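**Student:** I'd like to go over a predicted model; first the sequence, then the structure.
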Amino acid sequence: MIAAKSSVRLMLLGSTAAVKRRFCAVVAATSLLADAAVATADGTKERKDSRTLLRLLSSLRGSPQGSVTRTLNKWLREGKSVRAVELMNYVKELRKFHRYAHGLEIIYTIMDWMEKTKGINMSYPNHAIRLDLINKVRGIEAAEKYFSNLPEPAKNERTYGSLLNCYCTEKNRNADKAISLYNEMKNRNIPSSILVHISLMSLYMKLCQYEKVLTQYLEMKSDNIDPDYVIYCILMNCYASLNDIESVERVIKEAEEDEKVTLRWSAFSTLAAIYCSAGLPTKAENALKKLETLIDARDLKPYDYLISLYAKINNVEEVKRIWKSLKTIFPKPSNLSYLNMLRALDKFDDISGQQDLYEEWQSVCTLFDVRLANLLIGSYLRKDMIQQAQSLWEKSSKRGAIPDFKTCFMFLDHFLQKNDMNSALVWLETAASSSSGKQDRWKLSQDQVGTFLKAFEDAKDVEGAERFCDCLRSLGHLDLNAYEKLLQTYLAANLKNPKLRQRIKDDKIELNSQTNKLLEIVCGDNE
């Protein structure tokens with residue numbers, strides 16, 4: 001957050017003429033730089049070229065490292081040019097949409113050209129941005145190394161603030177480092193900014209240390225730093241966490257009366273959400289009405305919040321009114337807006353409305369979003385409408401949809417409840433085959449594991465039990481309990497498998513005396 005609000009102007013040093021020359025973004029041959037520098041075009045052509053270049057860069061998502069540099073080099077070889085400010089603004093957009101690796105390569109390209117070709121020191125804001133991107137792409141250790149290698153003059157409130165924010169975003173690992181760094185800033189008399197206090201107050205909120213949030217706020221005030229709307233939102237959430245609605249209302253009143261603060265719609269969405277959680281629907285609705293008066297006509301996001309919050313207070317009429325307004329202003333709503341509206345209709349148990357909305361979305365969407373299919377499938381399964389759920393997924397598959405873990409586990413759980421073990425196992429195998437290194441994120445509950453294993457043992461289904469254990473292995477959750485149940489299934493089926501002992505060793509399962517006895521019988525040995 002610190003770096004996100006930092007200025008991204010490139011501070012080019014030198015004569016007025018040098019400042020006005022077009023900026024080449026990569027290290028190219030001297031002749032290419034000269035060609036780019038003298039290339040001329042009217043303002044309209046420059047703007048068109050700029051948009052074309054940014055489209056080219058945007059298309060490189062997922063491309064191999066170095067693609068941005070090669071694209072910019074080719075651009076220069078064609079006699080075209082690009083201004084630094086354009087690329088820096090583009091970096092801001094990349095950060096906004098979380099395309100960090102892409103943004104990092106562009107900013108490296110700009111900075112390397114300035115430092116290596118012109119010997120120009122980078123401005124402090126750009127060091128802060130670079131540090132933030134390094135953290136997001138390469139991790140906190142790389143960011144720390146970059147910070148430590150900065151020249152002392154560059155270790156100021158911007159770069160300190162950027163590193164502090166990196167620490168604050170990872171509450172479990174780096175909370176102590178964040179506090180230590182803040183103390184170091186104070187010891188070195190490095191000025192704090194409001195963004196430093198926002199980072200620390202947000203960290204304390206994540207740690208549920210609400211009294212420290214309030215203490216940090218008082219420290220901010222003692223530094224003669226005035227609160228902004230973000231600080232007021234944090235304070236409201238802090239008091240809400242302390243079940244102090246009266247103080248929440250005092251804070252919003254203070255914010256409204258603060259002539260230095262321009263409250264945005266998000267302040268009232270925060271207030272409305274607090275009232276919803278506190279069971280105060282009338283006050284929530286009043287806050288939502290205030291929210292509506294602050295909406296920028298070009299901003300889609302507040303409409304999504306209005307729909308979600310009106311749904312929370314069970315006001316179906318207002319949900320539909322806001323949806324109608326949204327579509328009037330944005331004739332082609334985003335996938336996220338459709339998803340948000342589907343959730344609201346799901347809350348109202350309006351399956352017919354969900355079906356109509358889903359069909360509408362399918363008729364206009366250009367990029368299939370499995371989350372929408374999942375939501376309607378979940379509604380079908382809760383109503384035991386298995387045929388509709390399966391039909392929906394079959395149609396989605398024909399459109400190229402790939403099931404994610406939510407898809408798999410919704411069907412899996414449904415079939416488990418219906419005692420259809422074969423269908424449940426098929427969906428588990430689909431989930432396991434799509435794990436892609438996310439084993440820790442996806443884990444069957446103990447009840448689900450027990451249901452599977454008991455069913456296989458009762459049915460003497462060794463093949464099913466083996467397939468199930470293969471899934472657990474793929475998901476990283478194969479343990480002693482599963483192997484014991486597998487061995488018991490072999491016993492129930494009166495079958496032997498001498499390879500099981502080696503498999504258990506390969507899976508690094510520590511055996512107990514009971515498992516060893518089962519192994520001796522199933523493997524047919526006396527080891």
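**Tutor:** Yes, it's here. Residues are numbered from 1 along each chain as shown.
**Student:** And stretch 275-283, what's buried?
**Tutor:** 275-276, 280-281, 283 (16 or more other CB atoms under 10 Å). In short, each C-beta sits where N, CA and C put it, glycine included.
**Student:** now it, how far from the chain's geometric center?
**Tutor:** 28 Å (CA atoms, centre = their mean, to the nearest Å).
**Student:** Quick one: residues in contact with it.
**Tutor:** For stretch 275-283, the external contacting residues (CB atoms under 8 Å, 6 or more residues apart in numbering) are 240, 245, 284, 287, 309, 312-315.
**Student:** Now list the buried members of the residues you listed.
**Tutor:** 240, 245, 284, 287, 309, 312-313, 315.
**Student:** Now intersect these with the helices, please.
**Tutor:** 240, 245, 284, 287, 309, 312 (DSSP state H).
**Student:** from the residues you listed, which is closest to Gly79?
**Tutor:** Leu309 (53.5 Å; CB to CB).
**Student:** Contact partners for the closest one?
**Tutor:** With CB under 8 Å, 6+ apart, Leu309 has these contacts: 269, 272-273, 276, 284, 288.
**Student:** for Lys443, phi and psi?
**Tutor:** phi -150, psi 130 (degrees, to the nearest 10).
**Student:** Make sure it is actually in contact with Leu475.
**Tutor:** Yes - contact criterion CB atoms under 8 Å: Lys443 and Leu475 qualify, at 6.9 Å.
**Student:** more neighbours, these two?
**Tutor:** Set side by side, Lys443 and Leu475 show more neighbours around Leu475, with 20 against 13, by other CB atoms under 10 Å.
**Student:** Next one: the more buried one relative to Glu219, how far apart?
**Tutor:** 46 Å (CB to CB, to the nearest Å).
**Student:** Equivalent analysis for Ser334, please.
**Tutor:** Separation of Ser334 from Glu219 (CB to CB) stands at 40 Å.
**Student:** How about the contacts made by Glu249?
**Tutor:** By CB under 8 Å, 6+ apart, Glu249 lies in contact with nothing.
**Student:** can you tell me the helix or strand for it?
**Tutor:** Element membership for Glu249, per DSSP states H and E: helix 245-257.
**Student:** tell me the angle the helix or strand following that helix makes with helix 245-257.
**Tutor:** Later in the chain than helix 245-257, the nearest helix or strand by DSSP H and E is helix 265-277. Interaxial angle of helix 265-277 relative to helix 245-257 (axes from the mean of the first three to the mean of the last three CA atoms, to 10 degrees): 160 degrees.
**Student:** in helix 265-277, what counts as buried?
**Tutor:** Buried, per 16+ other CB under 10 Å, within helix 265-277: 265-276.
**Student:** can you count the residues close to Leu133?
**Tutor:** Leu133 has 26 neighbours, counted by other CB under 10 Å.
**Student:** Kindly state the pLDDT recorded for the nearest residue to Ser241 once chain neighbours are set aside?
**Tutor:** Closest residue to Ser241 apart from its sequence neighbours, by CB to CB, 6 or more residues apart in numbering: Tyr210 at 5.4 Å. Tyr210 carries a pLDDT score of 97 in this model.
**Student:** Show the contacting residues for Tyr210.
**Tutor:** 204, 238, 241-242.
**Student:** now those as CSV including secondary structure?
**Tutor:** Below are the contacts of Tyr210 laid out as CSV (DSSP: H, G, I helix; E, B strand; the rest coil):
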residue, secondary structure
Tyr204, helix
Cys238, helix
Ser241, helix
Leu242, coil
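**Student:** Only the buried members of those: can you turn that into a PyMOL selection?
**Tutor:** The PyMOL selection below is limited to those of the contacts of Tyr210 classed as buried (16+ other CB under 10 Å):
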select buried, resi 204+238
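**Student:** Closest one of the contacts of Tyr210 to Asp461?
**Tutor:** Ser241 (50.1 Å).
**Student:** Ile106 reaches Leu94, doesn't it?
**Tutor:** Yes - here Ile106 reaches Leu94: they are 7.1 Å apart, a contact under CB under 8 Å.
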